[in-house]
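Colleague: the amino acid sequence is not available; the structure is as follows:
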């Protein structure tokens, strides 16, 4: 079992700040964040295309900082395809191997293996201009893996493609990884892409690591308010709130709203009267309750029937609190409903630092 | 406030037909959504109503009057564009105020201020009134553009994909907010989108446009549950509806459906049988991902065996693509569903939710419990 370890503490004018993470052999890692978060810079440092100011990158416990990109045994595919237009698909795939003086017979063997995996085996004679965007990206990825690199790096490979094609190729990239089990790092700004492809996700913002975990970990157990808001769609409700203590009970209160919601029992020991928090709860974890003491009566502000599910929003001060139900219910605007929060799935965050306040 | 009528509108660009004999009546005060894929002709239709595009044939009526030869600015419409089209040199306040200060309206500055502040509050941009568009985020610009559109009450609001440039999260919030404001619009709105959730959420009625023609006009509820053909069925819902061919057969007096090269026999609900027996033997059966049960063990003999091709979270649920019977079937699973690729999985269709189409024409035939879906 080979282990690949990346360790970076880098200061590229703060493009990436003191970032450390490691990934296991054969793992699929997603680096996720908004534009300008340093995710592409990180990938380029691993590839050797970007100078590292401070810190080290290891592959299989070997420090590779000083290795040239071509000596790192890495396959690379970027957002734009950068195929050689005068060359056929076959010659594009063969190009790097020919540069390395690999024999034609071996080249053909490699291409014959890789081309069907990416469904470009019927396109080998075509020129890039004859291909659709999705086909070009397939060729691009095929070229990255044709030499069977130790590590495959993908930088936003799907962002140029339209909806349907993106979905198809996303599934195919996952299947490809399942087939060749090559350690892969993908950079993306699309949380859905990271969630569906990666075994573990590295979430970055402003050059810094926010959280690393499996898709379910970052969804269910976000480390801070940024991750909570970034992961999941429709997004988590995040409501600024002040804790009130009345008659021995703690309640969430909201600016410009009479709505009060009981603080789940599990937070009783860490909240206090007057404390400011951000209350985070996903739309699927707000439930419509019958008359019960713990539920909160509010008028419906928006009712949307989206076919498979119904979205209901209530106004709490300046924010809309969204909830989703698959039950076949209908509400009119202004109708009173009673809300109940799934206590185990209600999160608190510190409004100053954004960090999670754990019970 | 006005009724908008289109009669036999045809618009061509060279030998390309953008709008092909379109007739439509949008009722007074209605929120009407024009929905369809890119290139369907939605924006051309909107611009025809606005007077920015001129049809070669047909009449446009606003409030009963033919307006084909009326200049856009005299049609008393208010439009918001996909790319916002704000004046970069003007403040947010002046951008929103601009329709009220135009030659036609020239409201007093006092009235202008009242209207701008009111709409700015509605759009939650009161604190941005002194800024210029360059200092705003995408989402804020879009609010300003909507505010400028909504600052007066014209005959009709025309909105061309106003949320399309926002990221998924902002779009979600803005859709709900737009829906919340709707009751305050007090005039006719025609809204163009290619996002079916916007159509389902916002529309009183929807028209599905494809290659310059209407595929279906009705409520979004009808589009989803009673799509007039396979094209419409595929446009509504995520993941896309599953469609597979099947043949109507009689086995010992009972009507059955043979599908997947005869490997699967399905029993249609009793209430659809009379309608099915009237038509052709060859059908397409549609079933949405929500209406397919799955299990990692074989629960019964009628469960269909397959393997997991993909297992992808789409927010609050997982879309599992299953390879079975030589095809790929998409189903919706709970958010925490874990599955290895190529793992065995068993499926069961809920026949109550089958939507039947004619195999040749791809037109809607019937579904079970029709009355329930006709209510809306």
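Modeller: Thanks, I have it. The shown structure was predicted, so the numbers you read here are calculated from the model rather than taken from an experiment.
Colleague: quick one: the helices in the stretch 201-350 of chain B?
Modeller: B:220-225, B:230-235, B:273-278 (DSSP state H, counting those that start in this stretch).
Colleague: enumerate every residue touching residue B:270.
Modeller: Residues near residue B:270 by Cβ atoms under 8 Å, 6 or more residues apart in numbering or on different chains: none. C-betas here are computed from N, CA, C, even on glycine.
Colleague: give me that answer again for 10 Å
Modeller: Counting by Cβ atoms under 10 Å, 6 or more residues apart in numbering or on different chains, residue B:270 touches B:254, B:255, B:368.
Colleague: before we move on, what about residue A:224?
Modeller: A:203, A:205, A:210, A:211, A:230, A:347, A:349, A:350, A:353, A:354, A:355, A:356.
Colleague: mind checking pLDDT for the residue lying closest to it once chain neighbours are set aside?
Modeller: Leaving aside its sequence neighbours, residue A:224 sits nearest to residue A:354 (Cβ to Cβ, 6 or more residues apart in numbering or on different chains; 4.7 Å). The model reports residue A:354 with a pLDDT of 97.
Colleague: how close does the residue sitting furthest away from the middle of chain B get to chain A?
Modeller: Within chain B, the residue lying farthest from the chain centre (Cα atoms, centre = their mean) is residue B:252, at 43.6 Å. To chain A, residue B:252 is 36 Å away according to Cβ to the nearest Cβ, to the nearest Å.
Colleague: circling back: need the contacts of residue B:270 in CSV (columns: pLDDT and neighbour count).
Modeller: Output for these, formatted as CSV (pLDDT from 0 to 100; neighbours: other Cβ atoms under 10 Å in any protein chain shown):
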residue, pLDDT, neighbour count
B:254, 89, 11
B:255, 92, 16
B:368, 95, 19
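Colleague: correct me, but the residue nearest to residue A:224 touches residue A:208?
Modeller: No: the pair residue A:354 / residue A:208 is not scored as a contact, 11.9 Å apart, by Cβ atoms under 10 Å.
Colleague: ranking the contacts of residue A:224 by neighbours, who comes first?
Modeller: residue A:203 (26 neighbours; other Cβ atoms under 10 Å in any protein chain shown).
Colleague: list the contacts of residue B:302.
Modeller: B:264, B:265, B:266, B:267, B:346, B:348, B:349.
Colleague: now, among the residues you listed, which is nearest to chain A?
Modeller: Taking Cβ to the nearest Cβ as the measure, chain A lies nearest residue B:349 of the contacts of residue B:302, at 16.2 Å.
Colleague: just name the closest of the contacts of residue B:270 to chain A, please.
Modeller: residue B:368 (15.3 Å).
Colleague: grab the nearest non-local neighbour of the closest one.
Modeller: residue B:269 (4.0 Å).
Colleague: setting the sequence-adjacent residues aside, check what's closest to the residue of the stretch 51-200 of chain A at minimum distance from chain B.
Modeller: Residue nearest to chain B within the stretch 51-200 of chain A: residue A:196 (3.6 Å; Cβ to the nearest Cβ). Spatial nearest neighbour of residue A:196, excluding adjacent residues (Cβ to Cβ, 6+ apart): residue B:312 at 3.6 Å.
Colleague: next: residue B:374.
Modeller: Leaving aside its sequence neighbours, residue B:374 sits nearest to residue B:226 (Cβ to Cβ, 6+ apart; 7.4 Å).
Colleague: residue A:318 now?
Modeller: Residue A:318's closest residue in space is residue A:256 (Cβ to Cβ, 6+ apart), at 6.3 Å.
Colleague: just the helices in the stretch 1-150 of chain B please.
Modeller: So, for the stretch 1-150 of chain B - with DSSP H, counting those that start in this stretch - the helices run B:42-50, B:92-101, B:109-122, B:138-150.
Colleague: any weak-confidence spans in the chain?
Modeller: Just so you know, I chose chain A. Low-confidence segments of chain A, defined by pLDDT under 70: A:1-13, A:293.
Colleague: other chain: chain B
Modeller: For chain B, the ranges with pLDDT under 70 are B:375-376.
Colleague: tell me how many other residues crowd residue 237.
Modeller: Since no chain was named, I'll use chain A. Using other Cβ under 10 Å: residue A:237 sits among 23 other residues.
Colleague: should've been chain B
Modeller: 22.
Colleague: wait, it touches residue B:319, no?
Modeller: No: counting by Cβ under 10 Å, residue B:237 stays clear of residue B:319, with 11.3 Å between them.
Colleague: who touches both of the two?
Modeller: B:289, B:332.
Colleague: just give the nearest non-adjacent residue to residue 162, would you?
Modeller: Let's take chain A. residue A:133 (7.6 Å).
Colleague: hm, I was asking about chain B
Modeller: Per Cβ to Cβ, 6+ apart, closest to residue B:162 is residue B:80, 5.0 Å.
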